[in-house]
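A.B. asks: Turn this into a structure:
(2 chains)
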Protein chains: 2
Amino acid sequence: MSYTLLPLKNTIADVEGFYCAGVKAGLKEDDYDVGFIRSDAPCDVAALFTQNRFQAAPIKHFQRRSINQSDFLLVNSKNANAMTGDQGIADIEEILQTLPFPALNPFMSSTGVIGVRLPKEKIIAAVQTFDLNAKDDASFARSIMTTDTFEKKIGFEVRLEDGTSFKIAGVAKGAGMINPQLATMLCFIATDAAIPRADMRELLAKNAEHSFNAISVDGDTSTNDSVFLLANGRSGAYEKEAFDFALAKIMHELALLIVKDGEGAKKLVAFEVKGARNDQEAKRAAKALTNSLLVKTALFGEDPNWGRIASTIGASGVECDETSLVIAFENVVVYDKGRILFDEEQEEKAHQIMKKDEFRIICDLGIGEGRFTAYGCDLGYEYVKINAEYRT
Amino acid sequence: MSYTLLPLKNTIADVEGFYCAGVKAGLKEDDYDVGFIRSDAPCDVAALFTQNRFQAAPIKHFQRRSINQSDFLLVNSKNANAMTGDQGIADIEEILQTLPFPALNPFMSSTGVIGVRLPKEKIIAAVQTFDLNAKDDASFARSIMTTDTFEKKIGFEVRLEDGTSFKIAGVAKGAGMINPQLATMLCFIATDAAIPRADMRELLAKNAEHSFNAISVDGDTSTNDSVFLLANGRSGAYEKEAFDFALAKIMHELALLIVKDGEGAKKLVAFEVKGARNDQEAKRAAKALTNSLLVKTALFGEDPNWGRIASTIGASGVECDETSLVIAFENVVVYDKGRILFDEEQEEKAHQIMKKDEFRIICDLGIGEGRFTAYGCDLGYEYVKINAEYRT
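C.D. replies: Okay, here's the model as predicted:
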C-alpha cells in the first residue's frame, strides 16, 4: 500500500466539514481565550484523558455523558475548571444549554488555573458571538494557549493509491504541567476520513505511547490532559495503514512542539535509551532522564555532565551495570562500558553538540533489546520565573 | 524509663575515644576537602547505602570487604569516585595502604563530581599531615561539604536513669542530588554507647524512614548516599529506648538541615499527608509534593497555589477523592471536601504563612489512617545557577 502526505495550509480549518475559531471573552487581558470546533456532519469521537485522580470537570462531564458522537466542542483557557466538584460540571451544563444553535452532544475542554469556578457569564456572552462558519485555525489555536509562546498545529491531506483522499489535522497546547500519563495536555485532531470507531480508539492509544506519553517538561501530570480525535467521515476515504501513519506523524510532531515550547525551554533533547531489559525499563530510564532536575539544569548550562546522566539511570530502578553502559552525545561517546572517554577534546565536542537547539543523548544499557526515546527540555531561570509568578 | 539529653558543644569530637579533623588537600581551591574520623578503640560499624544501581566505589569497597569493625574512616569532597569501576576501588586500596599508622579495616567515603578518577596523590599527601589526636568537628564537617553553605552537626550526652551516660553525635552533608532512597547523602554518626550490633542496624534503618528517607531537595538520588553509625562502646552505658530517641533526633535534625541548605533553598516546608489508605500511600503523596517542580516554584513565589498541590496528589497515583480531601496551610484551610475556601482573605492569610522560612502544608485525604510527613524546599533561580554552572 502506498500513500502520499501533503501538508495542509490551515490544518483543522482545511478538513472537510470542520469549522473553528477563537474569540476574546475577557478571560485573558486581550487575547483569544474561548473557541470552538464544529462539524457540519456528526463526528465519531475518541478521547484519551489524564491519569490524574482529580480529573477536571470537563473530563468528568464528557465521561458521564458517555459521548461518542458530537458535532460541537467548546474550549477555554485561563481556567481549568478542575477541583470544582459537581458545581464545575453544572457550570458546563449551564453554558452548553445557552448555545444559540442546535448541537449534538456538545462538550467542553478547559485549561488554566486549577480550583477556581469558570467565569460562566463571560463564556456564555462570548458563545453568542461565534461565527459558526469561520475557518480560523489561528485564533482557535490561540484560544487554548496559556503560557505557550507559539501555536501548535499540523495537518495533511492523505492521498491513497486508489485516487481517494482524506484530510487529518491537529491543534495542541502545552507549556507547563507536562508529563502526560496515557494522555496529554489539550490536543484536538479532526479528520474527514471514513474511519471505523474501533480503529479510532486503537490508533489513538497506540500512537500516544511514542508521542504524548514520551514527553515531559516538568514531570507534573495535569488534571486536564485530553486528546480528542473527531472524525466526520465526509471524505468517504479511509485506509488504516495510511491513517495510522498520518496520525502518528501528527501526534509525534505536536508532542515535540509542546516540549520545544516547554516553559522557558530553549532546547529539545531526545533521550534514546536502548539495550534495556525490555521496552518498559527503557521507557522508565528515558522518562527519568527527562525529569531529572540535575540533567535539565546541565542541559541549560550546556554542560556535558555525563555523570548526572549515569546517576539518573542508576537511580531509575532499571536493570543496568557500569560495565555494559555506553553514553554518547550524538556520535561522541563519553563513557564506554567502564571506560571514561572524557578528555578535554571529547568534552569540547560534546559541549558543541549541546549548544544546538536540538540533539540526541544515547544511552545503551547493553543488557537486552528494550528501547524507548523520550523527549525533554532544559530548565532555566525562565521556568522559575514563569512558575513563581504565574498561577496555573 | 526516663533519660535526659544534653546538647554537646563539639559533637563527634566530644564523643569518648573519637578524633576527627579536616585538612586542605588542594581538591577545593582553598578549603577543607579531606578529613578523617578515628576511634582509639575498635568500632562496630553499621551503614545504609544508596539504592542507586551505580553505587560509588567507596560503597562497593566497603561492601566487598564486609566491614563491620573499623577504627578509621577517610573522607573527601569534590570527587565522588563514582562510575570509576574497578580502578576506583583500586584507588581506594592504594590510598589506604599509605596510611602512616596502623588502622583496623580503614574505609573511605567520597562526595563530589561523578565520573572522574580520584586525585590519589593529593589525598595521599594530605593523609600524611593528619593530626591523629585532633578533635576538630568544624574542619571535619567542612571537609565533606560541596555546595553546602553551612556545616551540619549535632550531638547529645544521654544520661540514663541508673546514673550512667553515653554520647552520640552526627555530622552530615547534603545540598544537591538529594532524594535518598533507604539512605542519604553522607552522614557520620559516632557514639560511645555500648550498643549491641543488632540494635545498631535495626535502629539505623528504622530511623532513616522518617529522617533521610523523608526529605528531597531535587528528586535526584545520588550514587554516593551513605549513613554510617560507628560505636566504640567506650562509655560502657546503653539503653535501647534512650539510644533510639537520641538517634532519631540526630537523624531527623540532620535531615532537616540538609533540606534547609538545599541548593538555593530559602524555605523548609513540611508536607504532612494524613488520612491516606495506608502509610505507604501517604509517603508516596508527600514525596510527590516535595518533588513537584510546580509546587516548589510556587513555594519560591510564596504563592498559595493549592490547585498545584491537589493536582500533584491526584497525579501521585494514591487513592484520593475530591469530596474527602482537605488542604491547609498550617491552620488556614483553603479546600475542604469539595468546597473551595479561597477568598481574598484566606488567600492573604495563606500567603502570610508562606512568607515564613518554615511552615507546614497539611493534606488530609480523608480515606484512611495512613500518614507521613515529608520535608522539601522551594526551587528558585539560585538552584538553576548552581546546577547550570557547577559540575557535580
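
A.B. asks: When you work out contacts or count neighbours from here on, use the C-alpha atoms and nothing else.
C.D. replies: Fine.

A.B. asks: all strands of the stretch 51-200 of chain A, in order?
C.D. replies: A:69-76, A:107-110, A:152-160, A:165-172, A:186-191 (DSSP state E, counting those that start in this stretch).

A.B. asks: can I get the CA coordinates of the second one in CSV?
C.D. replies: Okay, so that is strand A:107-110. Extracted C-alpha coordinates of strand A:107-110, given in CSV (Å, rounded to 0.1, in the frame of the first residue of the first chain):
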residue,chain,number,x,y,z
PHE,A,107,-18.9,19.2,25.2
MET,A,108,-16.1,21.4,26.7
SER,A,109,-12.4,21.3,27.2
SER,A,110,-10.6,23.7,29.5
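
A.B. asks: Show me which residues of the stretch 251-392 of chain A are close to chain B?
C.D. replies: Neighbours of chain B within the stretch 251-392 of chain A, by Cα under 8 Å from any Cα of the partner chain: A:292-294, A:297-303, A:305-308, A:310-312, A:314-323, A:338-340, A:379-381, A:384-385, A:387-389, A:391-392.

A.B. asks: can you tell me how far A:Leu299 sits from A:Gly370?
C.D. replies: With distances defined as Cα to Cα, to the nearest Å, the gap from A:Leu299 to A:Gly370 amounts to 25 Å.

A.B. asks: hang on, A:Glu263 packs against A:Lys385?
C.D. replies: No: when contacts are counted by Cα atoms under 8 Å, A:Glu263 is not listed as touching A:Lys385 (9.4 Å).

A.B. asks: any idea of the mean pLDDT in stretch A:358-368?
C.D. replies: This predicted structure assigns stretch A:358-368 an average pLDDT of 96.

A.B. asks: between A:Glu263 and A:Lys385, who's got more neighbours?
C.D. replies: A:Glu263 (28 against 17; other Cα atoms under 10 Å in any protein chain shown).

A.B. asks: For the residue in the stretch 101-250 of chain A that chain B sits nearest to, give me the pLDDT.
C.D. replies: Here the residue of the stretch 101-250 of chain A nearest chain B is A:Ile114; by Cα to the nearest Cα that distance is 4.7 Å. A:Ile114 is assigned a pLDDT of 82 by the prediction.

A.B. asks: need the contact list for it.
C.D. replies: Residues in contact with A:Ile114 (Cα atoms under 8 Å, 6 or more residues apart in numbering or on different chains) are A:79-83, A:392, B:307-308.

A.B. asks: next one: A:Gln55
C.D. replies: Shown here is A:Gln55, whose contacts under the criterion Cα under 8 Å, 6+ apart are A:82-83, A:223-224.

A.B. asks: Over to A:Asp44?
C.D. replies: By Cα under 8 Å, 6+ apart, the contact list for A:Asp44 reads A:68-70, A:197, A:230-232.

A.B. asks: Could you do A:Phe342 as well?
C.D. replies: With contacts taken as Cα under 8 Å, 6+ apart, A:Phe342 has the following neighbours: A:334-335.

A.B. asks: Quick check: the gap between it and A:Asp336.
C.D. replies: When Cα to Cα is applied, the distance between A:Phe342 and A:Asp336 equals 10 Å.

A.B. asks: Please apply the same query to A:Tyr375.
C.D. replies: 23 Å.

A.B. asks: more neighbours, these two?
C.D. replies: Counting neighbours by other Cα under 10 Å for A:Tyr375 and for A:Asp336 shows that A:Tyr375 has the greater number, 28 against 16.

A.B. asks: The more buried one: which element?
C.D. replies: Assigned by DSSP states H and E, A:Tyr375 belongs to strand A:370-377.

A.B. asks: List of residues touching the next helix-or-strand element following that strand?
C.D. replies: The first helix or strand that comes after strand A:370-377 along the chain, using DSSP H and E, is helix A:381-389. Outside of helix A:381-389, the residues that reach it under the criterion Cα under 8 Å, 6+ apart are A:263-265, B:294, B:297-303, B:379-381, B:384-385.

A.B. asks: quick one: helix A:381-389 to chain centroid distance?
C.D. replies: Offset of helix A:381-389 from its chain centre (Cα atoms, centre = their mean, to the nearest Å): 21 Å.

A.B. asks: buried stuff in that helix?
C.D. replies: By 16 or more other Cα atoms under 10 Å in any protein chain shown, the buried positions in helix A:381-389 come out as A:381, A:383-388.

A.B. asks: neighbour count winner among A:Leu299 and A:Gly370?
C.D. replies: Shown here are A:Leu299 and A:Gly370; by other Cα under 10 Å, A:Leu299 has more neighbours (27 against 19).

A.B. asks: need the helices for the stretch 201-350 of chain A, in chain order.
C.D. replies: A:240-260, A:279-291, A:293-300, A:306-315, A:344-354 (DSSP state H, counting those that start in this stretch).

A.B. asks: how about CSV for the ones you listed, with mean pLDDT added?
C.D. replies: Supplementary listing: those in CSV, determined by pLDDT from 0 to 100:
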stretch, mean pLDDT
helix A:240-260, 87
helix A:279-291, 92
helix A:293-300, 90
helix A:306-315, 88
helix A:344-354, 93
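
A.B. asks: In TSV, list the ones you listed along with distance to A:Lys28.
C.D. replies: TSV is the format used below for these (distance: least, Cα to Cα, whole Å):
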stretch	distance to A:Lys28
helix A:240-260	21
helix A:279-291	30
helix A:293-300	30
helix A:306-315	39
helix A:344-354	36
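
A.B. asks: looking at those, which is closest to A:Arg64?
C.D. replies: Relative to A:Arg64, the nearest member of the helices of the stretch 201-350 of chain A by Cα to Cα is helix A:240-260, separated by 26.4 Å.

A.B. asks: Could you tell me the angle between that closest one and strand A:152-160?
C.D. replies: An angle of 170 degrees separates the directions of helix A:240-260 and strand A:152-160 when computed by axes from the mean of the first three to the mean of the last three Cα atoms, to 10 degrees.

A.B. asks: Can you pull the residues of the stretch 1-150 of chain A lying near chain B?
C.D. replies: That would be A:51-54, A:83-85, A:113-116, which are the residues of the stretch 1-150 of chain A within reach of chain B (Cα under 8 Å from any Cα).

A.B. asks: quick one: which of these sit in helices?
C.D. replies: A:Gly85 (DSSP state H).

A.B. asks: Now flag whichever of the contacts of A:Ile114 is closest to B:Gln97.
C.D. replies: Each of the contacts of A:Ile114 was checked against B:Gln97 using Cα to Cα; the closest is B:Arg308, at 54.1 Å.

A.B. asks: List of residues touching the strand holding A:Tyr375?
C.D. replies: Strand A:370-377 has contacts (Cα under 8 Å, 6+ apart) with A:210, A:214-217, A:256, A:259-260, A:262, A:265-283, A:286-287, A:290-291, A:296, A:299.

A.B. asks: Are any of those buried, and if so which?
C.D. replies: Buried, going by 16+ other Cα under 10 Å: A:210, A:214-217, A:256, A:259-260, A:262, A:265-279, A:281-283, A:286-287, A:290-291, A:296, A:299, out of the contacts of strand A:370-377.

A.B. asks: Before I go, just wanted to say thanks for your time.
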